[in-house]
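# Sequence first, predicted model second:
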Number of protein chains: 2
Amino acid sequence: MRLPCPSTDDKMSTMDAKAYIAELTRQARVAAGVLATSNGARRDEAIRACAAALRANKAALQAANQKDVDRAPQFGLTAAMIDRLRLTDKTIAAMADALEQIASQTDPVGQALAAYNRPDGLRIEKRRVPIGVIGFIYESRPNVTTDAAGLFLKSGNACILRGGKEALYSNLAVAACVRQAVADAGLPAAAVAMIDNPDREIVAAMAQAEGGIDLIIPRGGEALIRAVTDVATVPVIKHYTGNCHVYVHADADEAVARAIVRNAKCQRPGVCNAAETLLVHAAHIQSGLLKQLLDDLASAGVSLRGDERTRAMHADVTLADESDWASEYLDLILAVRVVDDLEQAVEHINRYGSHHTDAIVTRGLADAERFTAAVDSASVMVNASTRLADGGVYGLGAEVGISTDKLHARGPMGAEDLTTYKWIVTGQGHLRE
Amino acid sequence: MRLPCPSTDDKMSTMDAKAYIAELTRQARVAAGVLATSNGARRDEAIRACAAALRANKAALQAANQKDVDRAPQFGLTAAMIDRLRLTDKTIAAMADALEQIASQTDPVGQALAAYNRPDGLRIEKRRVPIGVIGFIYESRPNVTTDAAGLFLKSGNACILRGGKEALYSNLAVAACVRQAVADAGLPAAAVAMIDNPDREIVAAMAQAEGGIDLIIPRGGEALIRAVTDVATVPVIKHYTGNCHVYVHADADEAVARAIVRNAKCQRPGVCNAAETLLVHAAHIQSGLLKQLLDDLASAGVSLRGDERTRAMHADVTLADESDWASEYLDLILAVRVVDDLEQAVEHINRYGSHHTDAIVTRGLADAERFTAAVDSASVMVNASTRLADGGVYGLGAEVGISTDKLHARGPMGAEDLTTYKWIVTGQGHLRE
């Protein structure tokens, strides 16, 4: 299982990186063949063993994590970022819980998406199967490592994981637990490979490993995703951050609107499903709700940028320009616009939004239906906060990310979205006439 | 509806092509919005009206087609190719029939792929929706135009069609029928755009129309598909031709094996689902079936290239080299290899094949299961000819092509494969804690 891998401090050449990835993918392809024909109980056993290993090896994980925390300042991590990097008792317990939730879900592999007989007796089945080998490139906290490994095992895929350099020691320690657990369950440890070299050449080599890797999923900031897609020859599912909207319709319940707007903007402003623009129906100039919402936001410390009608309602609102409608602030800043009807809200969202997650607050069934049908986004929320766009909330156990692509997978991606299908056609000597 | 399009004989600049596609996609995006919120009965009405228009305008279609046939020699088309280009009475009737079959299928749009309540009362629905605007670039016969237009309408997508120059007049005449029928059904004619300029700059402009086109499907020879993917920034689903295998297992029924091998190779050798390699279990050296298969093929005019054990069985077999196993002959040529067991057959197929369509001939249930699970191909046939990998045969009414990609759609692509989904989440003021 020893890989031809330089030590973590070596600088790699492009050739080295290609050779390294070629060897990893060769091993992963063999493992993928075993996983594709394995039964679900064995894969669940491996996932549960991972959870147990995390709990049993808490001290070792935290010791490795401490190394990352100690050198975090050299990567320029802020105190808040270091806090999120830390593998606390609570974090490790949550990682193990998520794995157990993933293990308890229905096996997606082998499900029949369709199965029928044709008039001439030919039997057609469209059967869900793993994709094969998936490359996952991420820059988030170490808990993403187990969420991803769990979902890849659940869906029968071998994976090659490449985490951020700031979490390298933590990720290697977590991966050691996972690989041991996979081996203990009688599956190949090569099913979960963790790249132990932080060199950037590796990312390009992964993205160009046609035939070796079937799919690349980059998860992180826009710079990371661009770096992958710009050079990729392997298919990529993109996880851009979001420019999300809350639209408060004319008939909105006032208390619901206030709670959702505050939650969508303020509960955690730095993430992709936080709201960036508030659209309010013009009726709420009269009703007073617009003023109330602006008061709520201002007193929560939100900087407000609005159109003329919004500015007329509140002294703290500065004038928004075209760039504000297209901005993802990822901060306590909100653009606000008054619209004359639901159609104008939809038009604004489809024009300026990022097709990630958008919400309406309304009491009307027909208006909710018009909005959900017309808004071209991965998640459309009715009387619910945009912050709820999340694999855990949707019951997927975890997520490898939130796809902003339309093809293959859209929105929070769980195990089911990590599968493809094959057609199995059974005849009794059937020929083409 | 007049487009800013130069006459069909003008040479376009890159700028012109970009402007032309920008205007087409702007119109298509508006049409896609109407289609996405239209009901299925209206779309089916449009598809049936297309079928009626083809039948009613047979003379006009054939007059336009005659122009293509007349100038076919200047494009170097062979007699066989000209024959396939021709819109005969029978061809037009078959085009109309396929449209009616598409119209009679269940509407994929709006189907719930999943729908459930979470413990906290949040309602989650994963609802099938159209993709949006699809660019279809093809070089096949004019019947592909109506198959594609029908499937795009069925799935609620607007489309921009770009056929081959050798069928330009036929395609424009067919598209005029389709657009009139769509308008008669009360839907926007811009839902089906047909590019009336054969310039190659258009293909690049389509492939780079990010935000304007959501998906490109190229259908044709490998050169066309490479030309699209090499420059594409829009997602592409690829339809490469296939290196398909028939594996005759030790326990194969002799008559079934002979019929399938002959059909898979000879019924129409120039297409992607014809067999290119025959694998035969070593037991059939003794049983005589290998010799029989080689006799059958030789007398059907097939040139045979085999490994040493195959050569020993038949005088007409020349020695195959490594390149033969990877070849798509698209001709009356077949590579033949003797394998010692099912695993060796699977390994050969996964190594040399193109993951398109591969078949086993066997009487054993367990062996059929092992083969279908382990062969990593879009279609796996059991006791059926590879030639049956086809949207019509699978009951999809028609197909826009046969995907050799693993993501999003695999194998014959019908209306269902032209959809994506959105998550619709309904709460009563639900917030993220």
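Thanks, I have the structure now.
# Which residue is the nearest non-sequential neighbour of whatever residue of the stretch 1-150 of chain A ends up closest to chain B?
Nearest to chain B in the stretch 1-150 of chain A, going by C-beta to the nearest C-beta, is A:T37, at a distance of 4.9 Å. The C-beta positions use only the backbone N, C-alpha and C, and glycine is treated the same way. Spatial nearest neighbour of A:T37, chain neighbours left out: B:A373 (4.9 Å); criterion: C-beta to C-beta, 6 or more residues apart in numbering or on different chains.
# pretty sure the one you found is in a helix, no?
Yes - checked against DSSP: H, G, I helix; E, B strand; the rest coil, B:A373 lies within a helix.
# quick one, strands of the stretch 201-350 of chain A?
Shown for the stretch 201-350 of chain A, the strands assigned by DSSP state E, counting those that start in this stretch span residues A:215-219, A:244-248, A:275-281, A:303-306, A:317-319, A:333-339.
# Up against chain B, what does the stretch 51-200 of chain A have?
Proximity of the stretch 51-200 of chain A to chain B, by C-beta under 8 Å from any C-beta of the partner chain, involves residues A:116, A:118, A:122, A:124, A:131-132.
# any chance of these in JSON lines, with pLDDT, secondary structure and distance to B:F152 too?
Below are these laid out as JSON lines (pLDDT from 0 to 100; DSSP: H, G, I helix; E, B strand; the rest coil; distance: C-beta to C-beta, whole Å):
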{"residue": "A:Y116", "pLDDT": "97", "secondary structure": "strand", "distance to B:F152": "24"}
{"residue": "A:R118", "pLDDT": "96", "secondary structure": "coil", "distance to B:F152": "24"}
{"residue": "A:L122", "pLDDT": "97", "secondary structure": "coil", "distance to B:F152": "27"}
{"residue": "A:I124", "pLDDT": "97", "secondary structure": "strand", "distance to B:F152": "23"}
{"residue": "A:I131", "pLDDT": "98", "secondary structure": "coil", "distance to B:F152": "26"}
{"residue": "A:G132", "pLDDT": "97", "secondary structure": "coil", "distance to B:F152": "29"}
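# on that earlier part again, including mean pLDDT, could the strands of the stretch 201-350 of chain A go into a markdown table?
A markdown table is the format used below for those (pLDDT from 0 to 100):
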| stretch | mean pLDDT |
| --- | --- |
| strand A:215-219 | 95 |
| strand A:244-248 | 98 |
| strand A:275-281 | 98 |
| strand A:303-306 | 98 |
| strand A:317-319 | 97 |
| strand A:333-339 | 98 |
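# With distance to A:G411 and mean neighbour count as added columns, please give those in JSON lines.
Supplementary listing: these in JSON lines, determined by distance: least, C-beta to C-beta, whole Å; neighbours: other C-beta atoms under 10 Å in any protein chain shown:
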{"stretch": "strand A:215-219", "distance to A:G411": "14", "mean neighbour count": "24"}
{"stretch": "strand A:244-248", "distance to A:G411": "12", "mean neighbour count": "28"}
{"stretch": "strand A:275-281", "distance to A:G411": "16", "mean neighbour count": "27"}
{"stretch": "strand A:303-306", "distance to A:G411": "28", "mean neighbour count": "21"}
{"stretch": "strand A:317-319", "distance to A:G411": "32", "mean neighbour count": "15"}
{"stretch": "strand A:333-339", "distance to A:G411": "23", "mean neighbour count": "23"}
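# three-state assignment of the residue lying closest to A:G414 once chain neighbours are set aside?
Nearest residue to A:G414 in three dimensions, chain neighbours excluded: A:L396, at 2.9 Å (C-beta to C-beta, 6+ apart). At A:L396 the chain is in coil, as set by three-state DSSP.
# Local confidence estimate at A:L396?
What the model reports as pLDDT for A:L396 is 91.
# What count of nearby residues applies to it?
22 (other C-beta atoms under 10 Å in any protein chain shown).
# is it true that A:R309 touches A:H281?
No - with contact defined as C-beta atoms under 8 Å, A:R309 does not count as touching A:H281 (11.3 Å).
# circling back to that earlier point, would you show me how to pick out the buried ones of the residues of the stretch 51-200 of chain A next to chain B in ChimeraX?
One line in ChimeraX is enough to select the buried members of those, burial here meaning 16 or more other C-beta atoms under 10 Å in any protein chain shown:
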select /A:122,124,131,132
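# Point out the one among the strands of the stretch 201-350 of chain A that comes closest to B:R42.
strand A:244-248 (27.4 Å; C-beta to C-beta).
# so what strands line up beside the closest one?
strand A:275-281 (parallel), strand A:357-361 (parallel) (DSSP bridges).
# After the helix ranked longest in chain A, which helix or strand is next?
Taking DSSP state H as the criterion, chain A has its longest helix at helix A:14-36. Where DSSP states H and E defines the elements, the next helix or strand beyond helix A:14-36 is helix A:40-56.
# Can you give me the neighbour number for the nearest residue to A:R86 once chain neighbours are set aside?
Leaving out its chain neighbours, the residue that sits closest to A:R86 by C-beta to C-beta, 6+ apart is A:V69, at 6.1 Å. Other residues within reach of A:V69, judged by other C-beta under 10 Å, total 19.
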